[in-house]
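Engineer: Whatever this is, show me its structure:
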Amino acid sequence: MNITIVGTGYVGLVSGTCLADLGHSVHCVDINEEKVTLMKNGQVPIYEPQLEEVFLRNIKGGRLFFTTDLSEAMRVSNVIFLALPTPPGEDGSADLSYVLEVAGQIGDLMTEYTLIVNKSTVPVGTSEKVYNLIKSKTQIPFDVVSNPEFLREGYAVEDFMNPERVIVGASSQKAFEIMDKIYLSLTNAGAKMIKMDEKSSELTKYASNSFLATKITFMNEIANYCEKVGADVDKVRLGMGSDQRIGNRFLFPGVGYGGSCFPKDVKALIKSGKEVGYTFEILESVEEVNQRQKTILVPEVEKYLGNLKNKQIAIWGLAFKENTDDIREASSLEIIEMLLNKGAKIRAYDSIAVKNVKKILGNKIEYAINMYECIEGADALIIVTEWGEFRNPHFDILEKKMNNKAIFDGRNLYNLDELQIHGFYYKSIGRKLING
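Structural biologist: Numbers count the residues shown, from 1 in each chain. Next up, the predicted model:
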């Protein structure tokens, strides 16, 4: 099929590339001319494992194209995927201006039946708004479908090509039939397509992400309680996760969740509830607890070092999670800001996300070229992101290079006994303090 993807962020570029890999002809549209030029030249503008290989394969195969001209793409396609940003406003509501602006353009440009597929994460009722807007501009028949994405950054290609489910919300049989054809390769391979109305589909995305955010936050509260009573959160996590009703995913405690989805979606669902007179009390607590959790290690560093003025702090990891360069709502930024306000000096290392942090922080902090340069002369090390390279460091090098053998681990990467043997002061989340 001939498909247009409007927007080439994480969702749009991964979706467009993977749809091309399923054999469809895909035109990706973006208003950023520099970005489009890069993609035309075979350069992937975001970091996502496996994406570059699939991207280049489909450009070479003549199935993946890029343009800044929506009308050009629509001339060869009557299926339009909207993969546009819906950033949170100051009140937490999702900003639909990008979605509605493009919907209006589609209404002006349509010359034949068109299926508009909303891939963006949007509040309940957005499909109806898009439909009414386009309807006000044209008499040509069309349908609007809700097809939310469930792509984990760092695993997005794998998630698209091997989905646990494909959610499709529509009101017409014709729309469902077209979506069946688009995803036929995946459903033939065993993926489950779940069909429903548009509002239920839109809410499914918000509900899923908000539930996972709640699960993470609950585990962080359990971890904090473990420290008060002397329990070990790792053992509690294993005990809980062995119950099939609970499952073992999203039970790892840490310094809070971040990224482009969970924070935004929790805020948006809270705001959507208020708009209809409903209060999501659990989610309001989730948001409050998660914000506190992001910087929970800073007071621990202060307790160990005393006054932080002019103290050298090393930060391992800047991305909000491993296998991505995304720093949106990243705990690292909150930690760094708090440390700087207390007068500390920061040297940070992240092999992938450093470019994005430099755009925000500039020369407010130092940037190391590797993990061991980062800890040179450090009074303490804070681990924020669970990158694989941090999991098995040479502790003898840390001993030699650091002023203090002090590690504050926001991702519980290390075995307590090993840190005890090496004589480190080791503070993790929800586990026994190792006091050197």
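
Engineer: Which elements pack onto the longest helix along the chain?
Structural biologist: Using DSSP state H, we find that the single longest helix of the chain is helix 198-229. Packed against helix 198-229 by the contact rule (3 or more C-beta pairs under 8 Å, 6 or more residues apart in numbering; DSSP states H and E) you find helix 126-135, strand 142-146, strand 165-169, helix 233-241, helix 262-275, helix 281-294. No exception for glycine: its C-beta is placed from N, CA and C like everyone else's.

Engineer: Show the average pLDDT along it.
Structural biologist: Averaged across helix 198-229, pLDDT comes to 97.

Engineer: Return the set of buried residues in that helix.
Structural biologist: 198-199, 201-206, 209-210, 212-220, 222-224, 226-227 (16 or more other C-beta atoms under 10 Å).

Engineer: those helices in the stretch 1-150 of the chain, which residues are they?
Structural biologist: Using DSSP state H, counting those that start in this stretch, the helices of the stretch 1-150 of the chain run over 10-21, 33-40, 51-60, 70-74, 97-109, 126-135.

Engineer: which of the ones you listed is buried the deepest?
Structural biologist: When these are scored by mean count of other C-beta atoms under 10 Å, the highest mean neighbour count falls to helix 10-21 (a mean of 26).

Engineer: Figure out how far that one is from the centre of its chain.
Structural biologist: Relative to its chain's centre, helix 10-21 lies at 16 Å (C-alpha atoms, centre = their mean, to the nearest Å).

Engineer: Identify the residues contacting that helix?
Structural biologist: For helix 10-21, the external contacting residues (C-beta atoms under 8 Å, 6 or more residues apart in numbering) are 3, 5-6, 8, 26, 28, 30, 39, 44-46, 48, 51, 54-55, 57-58, 61, 63-64, 81, 83-84, 119-120, 149, 151, 153, 156-157, 160-161, 182, 260, 326.

Engineer: Now which of those would you call buried?
Structural biologist: The neighbour count (16+ other C-beta under 10 Å) marks 3, 5-6, 8, 26, 28, 30, 39, 44, 46, 48, 51, 54-55, 58, 63-64, 81, 83-84, 119-120, 149, 151, 153, 156-157, 160-161, 182, 260, 326 as buried among the contacts of helix 10-21.

Engineer: now, which of those lie within strands?
Structural biologist: I3, I5, V6, V26, C28, L64, F81 (DSSP state E).

Engineer: How much space separates the second one from N118?
Structural biologist: As defined by C-beta to C-beta, to the nearest Å, I5 lies at a distance of 12 Å from N118.

Engineer: Also the third one?
Structural biologist: In this structure, V6 lies at 10 Å from N118, with C-beta to C-beta as the measure.

Engineer: What of the first one?
Structural biologist: Taken as C-beta to C-beta, the spacing of I3 relative to N118 amounts to 14 Å.

Engineer: buried residues in stretch 156-173?
Structural biologist: Residues of stretch 156-173 classed as buried by neighbour count (16+ other C-beta under 10 Å): A156, V157, D159, F160, M161, P163, V166, I167, V168, G169, A170.

Engineer: doesn't L151 make contact with the fourth one?
Structural biologist: The reference is to F160. Yes. In this structure, F160 is within contact of L151 by C-beta atoms under 8 Å, at 6.1 Å.

Engineer: Skip the chain neighbours and tell me the closest residue to K135.
Structural biologist: The shortest distance from K135 to any non-neighbouring residue, by C-beta to C-beta, 6 or more residues apart in numbering, is to G107 (7.8 Å).

Engineer: Could you do D108 as well?
Structural biologist: Once flanking residues are discounted, D108 sits nearest to K137: 5.8 Å by C-beta to C-beta, 6+ apart.

Engineer: now do I352
Structural biologist: Excluding the flanking residues, the one nearest I352 by C-beta to C-beta, 6+ apart is D325, at 4.7 Å.

Engineer: Could you single out the nearest of the buried residues of stretch 156-173 to A94?
Structural biologist: For those, the minimum distance to A94 (C-beta to C-beta) is 16.8 Å, reached by G169.

Engineer: which ones are touching that closest one?
Structural biologist: By C-beta under 8 Å, 6+ apart, G169 lies in contact with S127, V145, S146, N147, K195, M196, D197, E198, K199, S200, S201, E202.

Engineer: Please report how far it lies from Y349.
Structural biologist: G169 is 43 Å from Y349, by C-beta to C-beta.

Engineer: quick one: which helix or strand includes I382?
Structural biologist: strand 380-383 (DSSP states H and E).

Engineer: just to revisit the earlier point, V102: which of the ones in strands among the buried ones among the contacts of helix 10-21 is nearest?
Structural biologist: Closest to V102 out of those is V6 (5.4 Å), distances taken as C-beta to C-beta.

Engineer: Show me this protein divided up by domain.
Structural biologist: The chain breaks down into these domains under automatic domain parsing: 2-195, 205-292, 295-435.

Engineer: Looking at the nearest residue to R152 once chain neighbours are set aside now. What's its pLDDT?
Structural biologist: Counting by C-beta to C-beta, 6+ apart, R152 lies nearest to D159, which is 5.6 Å off, once chain neighbours are set aside. On the pLDDT scale, D159 is placed at 96.

Engineer: For D159, give its distance to Q105.
Structural biologist: Where Q105 is concerned, D159 sits at a distance of 29 Å (C-beta to C-beta).

Engineer: related to what we said a few turns ago, go through the buried residues of stretch 156-173 and say which is closest to I315.
Structural biologist: Using C-beta to C-beta, A156 comes nearest to I315 of the buried residues of stretch 156-173, at 25.6 Å.
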